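A.B. asks: Let me see the structure of the following:
(one chain, ligands or ions: 1)
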Amino acid sequence: MLREVLEYLNPQEGQFFIDCTLGGAGYTIAIAKRVGKNGGVVSFDLDKMAIDNAKKVFKDNDIDNVEVINDNFKNLEICIKEKFDDKKFDGVVMDLGMSSAQLDDVKRGISFLEDRPIDMAFGEQLIKNRRHTTEFIVNEWKIGSLERIFKIYGEEKFARNIAKKIIEHRKDERITRTKQLVEIIKQSIPKKFQSKKIHPATKVFQALRIATNNEIENLEKALPQIVKLLYPGGKIVIVSFHSLEDRIVKRFFKEEARDCICPKTAPVCVCNHEPNLKIITKKIVLPSDEEIKNNLKARSAKMRVAEKL
Ligand SMILES: C[S@@+](CC[C@H](N)C(=O)[O-])C[C@H]1O[C@@H](n2cnc3c(N)ncnc32)[C@H](O)[C@@H]1O
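C.D. replies: Coordinates of the predicted model:
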């Protein structure tokens with residue numbers, strides 16, 4: 001949704017922006033070109049591969065106004081403070097989820113289309129936490145926890161069946177490859193419910209990726225920090241791909257835009273809450289038909305924008 005992101009961020013010569021999710025650097029480069037030498041972009045990514053690739057692209061394109069930070073955007077405030085002290089920004093963008101490069105990476109098992117190691121981590125910091133690898137989740141988590149993530153993060157109807165089959169399977173052998181998991185999922189969903197359009201493993205893989213990377217928690221932690229880092233008038237643009245993420249963004253914007261957050265039953269206001277945001281997109285912005293035609297993955301993108309007051 002590059003066109004829409006640029007339209008709302010409206011980067012001008014000399015301004016400064018944060019891109020929380022560098023990925024293939026498409027958004028970062030477009031913003032960096034618009035703000036020119038007197039402005040700049042600070043771009044985060046958990047993934048060293050994304051950082052290294054982007055550095056090469058910046059060099060090849062003579063882009064020298066981008067500072068990259070290989071960290072989790074949940075640490076936004078502290079990372080910015082370390083490098084830029086109390087600097088404020090004209091806009092912050094977040095393009096959630098995974099990049100195409102991560103999906104295609106043979107060392108990772110984010111895609112269910114090839115047989116790969118079952119590792120869906122966005123970055124090495126996550127792999128260091130042994131209790132939170134995809135392999136650990138699949139092989140060690142209890143049935144209830146697996147069922148819950150398949151239901152909540154994957155919106156998978158056959159969550160219980162799949163969780164049960166995983167538990168049965170791992171009594172015989174450890175699940176270490178994506179192919180094993182795909183087979184288990186196929187066996188757990190009755191044939192008549194297996195859609196021809198959507199691969200049966202789509203939802204479970206999405207759920208495991210979200211759980212491995214703590215994606216919901218990261219988003220919840222980052223949103224209030226973004227508001228603090230903006231100048232008044234600065235924009236916050238969030239592109240999400242999951243209804244759960246979109247609901248979190250929608251609720252956060254709504255809360256921050258309210259001037260009173262007292263319970264509805266309170267006769268008078270006692271909270272003294274001041275609104276911090278103005279909601280710019282009353283409804284979600286969806287990708288254009290043309291974008292969906294050129295890139296099918298964009299079809300579930302949802303964008304929301306707010307402005308710091
Ligand atoms: C959808 S891609 C971004 C694509 C990018 N807008 C572009 O133009 O190519 C999302 C990127 O965000 C990164 N990411 C996801 N969660 C993150 C987090 N909590 N902190 C930092 N980076 C994160 C992923 O590693 C991935 O590279």
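A.B. asks: right, and Ile118 touches Ile137 too?
C.D. replies: No: using CB atoms under 8 Å, Ile118 makes no contact with Ile137, being 9.2 Å away. C-betas here are computed from N, CA, C, even on glycine.
A.B. asks: quick one: which of these two has more around it?
C.D. replies: Ile118 (25 against 20; other CB atoms under 10 Å).
A.B. asks: now the residue nearest to the more buried one when sequence neighbours are not counted: how far from Asp115?
C.D. replies: In space, and not counting its chain neighbours, Ile118 is closest to Gly109: 4.7 Å by CB to CB, 6 or more residues apart in numbering. Distance, Gly109 to Asp115, by CB to CB, to the nearest Å: 8 Å.
A.B. asks: what about these two, which has more around it?
C.D. replies: Between Gly109 and Asp115, Gly109 has the larger neighbour count (other CB under 10 Å), namely 26 against 11.
A.B. asks: What does the pLDDT read for the more buried one?
C.D. replies: For Gly109, the pLDDT comes out at 90.
A.B. asks: What count of nearby residues applies to the spatially closest residue to Leu229 that is not a sequence neighbour?
C.D. replies: Spatially, and ignoring its direct neighbours in sequence, Leu229 is nearest to Phe89 (5.4 Å; CB to CB, 6+ apart). By the measure other CB under 10 Å, the count of residues near Phe89 is 22.
A.B. asks: Same question for Ile143.
C.D. replies: Using other CB under 10 Å, Ile143 has 12 neighbouring residues.
A.B. asks: before we move on, what about Asp95?
C.D. replies: Using other CB under 10 Å, the number of residues around Asp95 comes to 23.
A.B. asks: Now the phi/psi pair for it, please.
C.D. replies: The phi and psi values for Asp95, taken as degrees, to the nearest 10, are phi -120, psi 90.
A.B. asks: And for the one 4 residues further on?
C.D. replies: Dihedral pair for Ser99: phi -100, psi 170, per degrees, to the nearest 10.
A.B. asks: So it sits against Ala50, correct?
C.D. replies: Yes: between Ser99 and Ala50 there is a contact under CB under 8 Å: 6.4 Å.
A.B. asks: can I assume Cys262 sits in a strand?
C.D. replies: No: assigned with DSSP: H, G, I helix; E, B strand; the rest coil, Cys262 falls outside any strand and is coil.
A.B. asks: List the contacts of it.
C.D. replies: Listed by CB atoms under 8 Å, 6 or more residues apart in numbering, the contact set of Cys262 reads Cys269, Val270, Cys271, His273.
A.B. asks: distance of the residue nearest to it when sequence neighbours are not counted from the ligand?
C.D. replies: In this structure, Cys262 finds its nearest non-sequential neighbour in Cys271, 4.7 Å apart by CB to CB, 6+ apart. For Cys271, the distance to the ligand (CB to the nearest ligand atom, to the nearest Å) stands at 31 Å.
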